[in-house]
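> below: sequence and its predicted model.
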Protein chains: 2
Amino acid sequence: MSKALSTTVQPFHVMDILARCKQMEAQGIDVVHMEIGEPDFPTPEPIIQAGMQALQVGATQYTSAQGLPELRQALSNYYLNRFSAEVDADEIIITPGASGALQLLFAALLQDKKKLMLCDPSYPCYANLSRIHGAERIAVAVDESSQFQITLELVERNWQTGIAAVMVANPSNPTGTLCDVDELKRIAEFLEQRDAYLIVDEIYQGLVYTGESKSLAAAADNVFVLNSFSKFFGMTGWRLGWLTAAKKHIPALDAIAQNSYLASSTISQHAAIAAFNADTQLILEQRRQQFQTRRDFVCQALADMGLTLSCMPQGAFYLYVNIAKLNIDSFDFCQQLLQEQALAITPGCDFGQYRANEFVRLAYTTSEDRLAEGMRRLAEFIA
Amino acid sequence: MSKALSTTVQPFHVMDILARCKQMEAQGIDVVHMEIGEPDFPTPEPIIQAGMQALQVGATQYTSAQGLPELRQALSNYYLNRFSAEVDADEIIITPGASGALQLLFAALLQDKKKLMLCDPSYPCYANLSRIHGAERIAVAVDESSQFQITLELVERNWQTGIAAVMVANPSNPTGTLCDVDELKRIAEFLEQRDAYLIVDEIYQGLVYTGESKSLAAAADNVFVLNSFSKFFGMTGWRLGWLTAAKKHIPALDAIAQNSYLASSTISQHAAIAAFNADTQLILEQRRQQFQTRRDFVCQALADMGLTLSCMPQGAFYLYVNIAKLNIDSFDFCQQLLQEQALAITPGCDFGQYRANEFVRLAYTTSEDRLAEGMRRLAEFIA
């Protein structure tokens, strides 16, 4: 009998939590979900309408691998108007989600057992996708002292030969914290001198509540920015993202795209053009404010139960909470919290190893009512 | 300055043809397109309607990585009713196009410099995607003597250690020929004894004009079948495909899917359920018949100009034509044919190396009028 396939990819621990959630909900138990990395808002109506319009006119054939010129132009305009970044439409590749962008970059950068530097904690797909591409990971432990972000000093201290790229997320998942863009530019310079590249994941761009949403797009020739219509634009199920790259890198990335996924969804691309309408932007700004209200509410509730955050998350929709003072391993904490209070959150071990047993991630991707109920349950649990 | 990214992926030669087409069309020249691997028919109306319905009800959030249970069940029923194949809904993974399925399989099967056996000629993305995954290719030259398909004898003769999988397409691109499914089952047995796997690309399934459309789904534990809604179902721009795998392989493939692309387009998945309606199936059968008429027309036209096909293509929408008797390299032939007669076709060198300079691929993905015009131009060119 043939062997069952195996993979070097690590399972998400939150999957155990989710499986248990399903069982509990099947028994009629009301679970509060604060583990979900997906906005609870539906796709804004103007985008839905544009998608229906695309279907009505039969825009259902392949686009080029690089993507619809109109959408790339809309993104180019957006970078200029919102971030004062000059990104030519030809320096943008539309991808099937930010995952698709990451696939292209890893395929281009990590061949032949190259090394990828990333933060611990960070979004688990970075490490897993790099495993799929056969790359080694240099995990850099980050904590409150650097707002859970990489710094030039950390890059220098952890540098070794064979590193092809440094991966950062701004804002970060799971911590919601921002990188200093000037620091990122200094890191890019350091990497430039070593023929290495900086990949900046800006998938939570726009979801910033303290300070300003900035972009590293077009900051330097060795910087790649990836982004998505999923989070800020509310288009998760549409599976659409993009990356920016200096013009000289486009031919190789385009060739990989042609062979990896041919093209992104045509309907999603047409719909996404409407993401930049004034109407849509107004809806998105209202949602951003709602997320901010939620963040402030949950932070205060946590502080009230003695779980003050050591650094305030400025963006995304996550809080990375240190529960060390409760003297319980964070994975056990998540399991018991679900079992006893029907509140689902994500254990730190899904994001790395460094002090992972001290941290849990809370997502404020549900209504204020539900968040209030979640905080009530958490308070009861730790009382 | 940072180095421009490079890739081991090979460019498609037809891209030169396409670029020249664009220039010519910009000058007002009427180009006949017989190079395109995409049906000219729009997506059937019931599928469009189902897509619009999904948008209306706001089905825009992520599905699970494995895909909508209703769609997987519809596919399971389809396999049973149409191909008498028992494929459980849990043995199906919905993917972003057949490309997505190939990515999953190559990520699982080809890690650590494994080898992939494939036909020369074959669809170029097989080789290129295997390069991206760092695998070595064992190309098996195939020709008229085996209908351009692999045989057990060819597998045995070319066998070597380190081969993890054999890749076949049924029907084949670029040749349109079918594999004998009993021969494929014998190959699967041979591979089973060597802990190796058979991947069968059935993306042109349903588009069969001579003989019967068969499936290798669920034929053996070491067989993976990939397929897509693009070609037969007319959903290219929706980017939706699937793969079938024995249940024991699903956890590893699902983990890779979660990290590679998270999920396939939700709208496309809802729309695709309508692909199995009686209404849609009727439209698809009419289209199949139209493709058959086109195939017969082009084959006869070729025969009339002395280019009789040595083996009749039974499926897909391609003809692989030997032009050796014209004493011209096939790539030069394609370039001159475009230049002098404004007829675009694809050179053999896009599909491999074996006798590639003797062959060109013609696609009958345009109307009968245009095909007639194309054949008139071809006849004039070679006269």
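Yes, it's here. Numbering: from 1, shown residues only, chains lettered A, B, ... in the order given.

> C-terminal to the longest helix seen in chain A, what's the next element?
If you go by DSSP state H, chain A has its longest helix at helix A:278-304. Along the chain past helix A:278-304, the next helix or strand (assigned with DSSP states H and E) turns out to be strand A:318-322.

> other residues contacting that next one?
Strand A:318-322 is touched from outside by A:37, A:121, A:148, A:173-176, A:295, A:298-299, A:302, A:307, A:309-310, A:313, A:348, A:358-364, with contacts defined as CB atoms under 8 Å, 6 or more residues apart in numbering or on different chains. To be clear about C-beta, it is placed using only N, CA and C from the backbone, and glycine gets the same treatment.

> strand partners (parallel or antiparallel) of it?
Strand A:318-322 has the following strand partners under DSSP bridges: strand A:359-363 (antiparallel).

> only alpha carbons, please: show the strand it pairs with as CSV.
Taking C-alpha atoms only, strand A:359-363 is exported to CSV below (Å, rounded to 0.1, in the frame of the first residue of the first chain):
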residue,chain,number,x,y,z
PHE,A,359,1.1,34.6,25.2
VAL,A,360,-2.3,34.3,23.6
ARG,A,361,-3.8,36.2,20.7
LEU,A,362,-7.2,37.8,20.9
ALA,A,363,-8.9,38.9,17.7
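
> ok, and for the next helix or strand after that strand, which residues are buried?
Stepping forward along the backbone from strand A:359-363, the first helix or strand reached (DSSP H and E) is helix A:368-382. With burial defined by 16 or more other CB atoms under 10 Å in any protein chain shown, the residues of helix A:368-382 counted as buried are A:370-371, A:373-375, A:377-379, A:381-382.

> now do the longest helix of chain A and strand A:318-322, the angle between them.
Using axes from the mean of the first three to the mean of the last three CA atoms, to 10 degrees, the direction of helix A:278-304 lies 10 degrees away from that of strand A:318-322.

> near chain B, list only the ones from the buried residues of helix A:368-382.
Intersecting the buried residues of helix A:368-382 with the surroundings of chain B, defined as CB under 8 Å from any CB of the partner chain, gives nothing.

> export those to TSV and tack on pLDDT?
TSV is the format used below for the buried residues of helix A:368-382 (pLDDT from 0 to 100):
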residue	pLDDT
A:370	98
A:371	98
A:373	98
A:374	98
A:375	98
A:377	98
A:378	98
A:379	98
A:381	98
A:382	95
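
> go through those and name the one nearest chain B.
Of all these, the one sitting nearest chain B is residue A:370; the distance, using CB to the nearest CB, is 16.2 Å.

> and the residue nearest to the closest one when sequence neighbours are not counted, how many neighbours?
What sits nearest to residue A:370 in space, not counting adjacent residues and going by CB to CB, 6 or more residues apart in numbering or on different chains, is residue A:32, at 5.6 Å. By the other CB atoms under 10 Å in any protein chain shown criterion, the neighbourhood of residue A:32 contains 23 residues.

> where does the residue nearest in space to the middle of chain A sit: helix, strand or coil?
The structure's chain A has its C-alpha centroid closest to residue A:203; by CA atoms, centre = their mean the separation is 4.9 Å. Following DSSP: H, G, I helix; E, B strand; the rest coil, we place residue A:203 in the coil state.

> surely it touches residue A:233?
No - judged on CB atoms under 8 Å, residue A:203 makes no contact with residue A:233 at a distance of 10.5 Å.

> the strands in chain A, which residues?
Assigned by DSSP state E, the strands in chain A fall at A:32-33, A:92-95, A:115-120, A:136-141, A:163-169, A:197-201, A:223-228, A:241-244, A:318-322, A:343-344, A:346-347, A:359-363.

> how about TSV for those, with distance to residue A:188 added?
Rendered in TSV, the data for the strands of chain A read as follows (distance: least, CB to CB, whole Å):
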stretch	distance to residue A:188
strand A:32-33	38
strand A:92-95	19
strand A:115-120	13
strand A:136-141	16
strand A:163-169	9
strand A:197-201	5
strand A:223-228	5
strand A:241-244	13
strand A:318-322	25
strand A:343-344	38
strand A:346-347	31
strand A:359-363	28
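
> can you tell which of these is closest to residue A:260?
strand A:92-95 (9.4 Å; CB to CB).

> tell me what the closest one is packed against?
Contact analysis of strand A:92-95 by 3 or more CB pairs under 8 Å, 6 or more residues apart in numbering or on different chains; DSSP states H and E lists helix A:69-83, helix A:97-109, strand A:241-244, helix A:250-260 as its packing neighbours.

> average model confidence for the shortest one?
The one in question is strand A:241-244. The predicted model gives strand A:241-244 an average pLDDT of 98.

> what sits closest to residue A:205 if chain neighbours are left out?
For residue A:205, the nearest residue in space outside its immediate sequence neighbours is residue A:213; the separation is 5.6 Å by CB to CB, 6+ apart.

> so what's that neighbour up against?
Taking CB under 8 Å, 6+ apart as the definition of contact, the neighbours of residue A:213 are A:82-83, A:205-207, A:315.

> any of those residues buried? List them.
A:83, A:205-207, A:315.

> redo the residues you listed as JSON lines? Include pLDDT and distance to residue A:254.
As requested, the buried ones among the contacts of residue A:213 are exported to JSON lines (pLDDT from 0 to 100; distance: CB to CB, whole Å):
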{"residue": "A:83", "pLDDT": "96", "distance to residue A:254": "24"}
{"residue": "A:205", "pLDDT": "96", "distance to residue A:254": "24"}
{"residue": "A:206", "pLDDT": "96", "distance to residue A:254": "27"}
{"residue": "A:207", "pLDDT": "97", "distance to residue A:254": "29"}
{"residue": "A:315", "pLDDT": "96", "distance to residue A:254": "31"}
